[in-house]
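Asker: here is my input, please return the structure:
(2 chains)
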Protein chains: 2
Amino acid sequence: MSEGFALDPQLARESVFVADRVLCRVLLMDDARFPWLVLVPRRAGLVELFDLDARERTLLFDELEQAARALRSVASSAKLNVGALGNVVRQLHVHVVARREGDAAWPGPVWGHGPRRPYDESARATRVSAIAARLGTG
Amino acid sequence: MSEGFALDPQLARESVFVADRVLCRVLLMDDARFPWLVLVPRRAGLVELFDLDARERTLLFDELEQAARALRSVASSAKLNVGALGNVVRQLHVHVVARREGDAAWPGPVWGHGPRRPYDESARATRVSAIAARLGTG
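Answerer: Below is the predicted model:
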């Protein structure tokens, strides 16, 4: 499924690798303000959600749900935000963000909300390994 | 499927009815800045995307795709934005927005971007009937 797939350079710069699932690469957005995963279907040439075929749509939904569960196991949250925007990075990618009341952007969206605040190194490693373990890939 | 379903009052205030599909009520967000539909699964008690069962997930994806096609038939766009946020209105609802470069919020998200600018009455009616016709419900 992943022939010809290459992660967009901007996504690669702003995130760290967590795991490869059947369909998607799971990334942790390197922004300590928000517990935030990005799922990138590992097929070349995808732009819109509707470029996915029926099997991939089911896989995406399942993998998003597992990602959301993993996020919620490491961070308390009031609400999930799920979005596929792609105005800046065109490679299809889907955000899953665990929001809590009073977080840095609440109740607005996280996208475009001020500069990222990268994790410090040990907090980043701890979060990645906790999420990977929860996904069964740690 | 729709027993006990009642549209959230804030969603009702900010949008106009377009059509009922098998799963979702389709609403046009009453904001002339952006071609913007909102799909609300017509089942009581839904909050997160993952509250949908397998059949509903497939229906939602199909109905989102049809909504996106209908939007694109009435408005040129460079990119679709699809999102389920729900930080303010907790009833599960999914946004489909047709974005173009240089629109009022480009390249940021439309959510929380300044005040709505309601359509004038004839433009609203024209847009609703064009989208409903395209959905096969006009």
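Asker: what residues does chain A have near chain B?
Answerer: Within chain A, the positions near chain B by C-beta under 8 Å from any C-beta of the partner chain are A:47-50, A:54, A:57-58, A:61, A:64-65, A:68, A:79-88, A:90, A:99, A:106-109, A:111-112. For the C-beta atoms, the positions are set from N, CA and C on the backbone; glycine is no exception.
Asker: longest single helix anywhere in chain A?
Answerer: helix A:54-74 (DSSP state H).
Asker: about what we covered before: just the buried ones from the residues of chain A next to chain B?
Answerer: Buried members of the residues of chain A next to chain B, counted by 16 or more other C-beta atoms under 10 Å in any protein chain shown: A:49-50, A:57-58, A:61, A:64-65, A:68, A:79-87, A:99, A:106-109, A:111-112.
Asker: any idea where the helices of chain A begin and end?
Answerer: Going by DSSP H, chain A shows helices at A:9-14, A:54-74, A:121-134.
Asker: now those as TSV including distance to B:Glu121?
Answerer: TSV is the format used below for the helices of chain A (distance: least, C-beta to C-beta, whole Å):
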stretch	distance to B:Glu121
helix A:9-14	42
helix A:54-74	38
helix A:121-134	50
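Asker: possible to save those as JSON lines with mean pLDDT?
Answerer: Shown next, in JSON lines, are these (pLDDT from 0 to 100):
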{"stretch": "helix A:9-14", "mean pLDDT": "98"}
{"stretch": "helix A:54-74", "mean pLDDT": "97"}
{"stretch": "helix A:121-134", "mean pLDDT": "97"}
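Asker: pick the most buried one from those helices.
Answerer: helix A:54-74 (a mean of 18; mean count of other C-beta atoms under 10 Å in any protein chain shown).
Asker: for it, packing partners?
Answerer: strand A:24-29, strand A:36-41, strand A:79-84, strand A:94-99, helix A:121-134, helix B:54-74 (3 or more C-beta pairs under 8 Å, 6 or more residues apart in numbering or on different chains; DSSP states H and E).
Asker: what does stretch A:52-72 rub up against?
Answerer: Contact partners of stretch A:52-72, identified using C-beta atoms under 8 Å, 6 or more residues apart in numbering or on different chains, comprise A:21-24, A:26, A:35-37, A:39, A:41, A:43, A:46, A:49, A:77, A:80, A:82, A:92, A:94, A:96-98, A:131, A:134-135, B:48-50, B:54, B:57-58, B:61.
Asker: what do you get if the cut-off is 7 Å, keeping everything else the same?
Answerer: Residues from elsewhere that reach stretch A:52-72, judged by C-beta atoms under 7 Å, 6 or more residues apart in numbering or on different chains: A:21-24, A:26, A:35, A:37, A:39, A:41, A:46, A:80, A:82, A:94, A:96, A:98, A:131, A:134-135, B:50, B:57, B:61.
Asker: just give me the residue right at the centre of chain A.
Answerer: Centroid check for chain A by C-alpha atoms, centre = their mean gives A:Val38 as the closest residue, at 1.5 Å.
Asker: ok, the closest residue to it other than its chain neighbours - contacts?
Answerer: Setting aside the residues directly before and after it, A:Val38 is nearest to A:Leu27 in space (C-beta to C-beta, 6 or more residues apart in numbering or on different chains), at 4.5 Å. Residues counted as contacts of A:Leu27 (C-beta under 7 Å, 6+ apart) are A:11, A:15-18, A:37-38, A:40.
Asker: of these, closest to A:Asp31?
Answerer: A:Ser15 (8.8 Å; C-beta to C-beta).
Asker: re the thing from before, quick one: closest of the helices and strands packed on helix A:54-74 to B:Ser2.
Answerer: Nearest to B:Ser2, of the helices and strands packed on helix A:54-74 and by C-beta to C-beta, is helix B:54-74 at 12.3 Å.
Asker: now that closest one against helix B:121-134, angle please.
Answerer: Counting by axes from the mean of the first three to the mean of the last three C-alpha atoms, to 10 degrees, helix B:54-74 points 130 degrees away from the direction of helix B:121-134.
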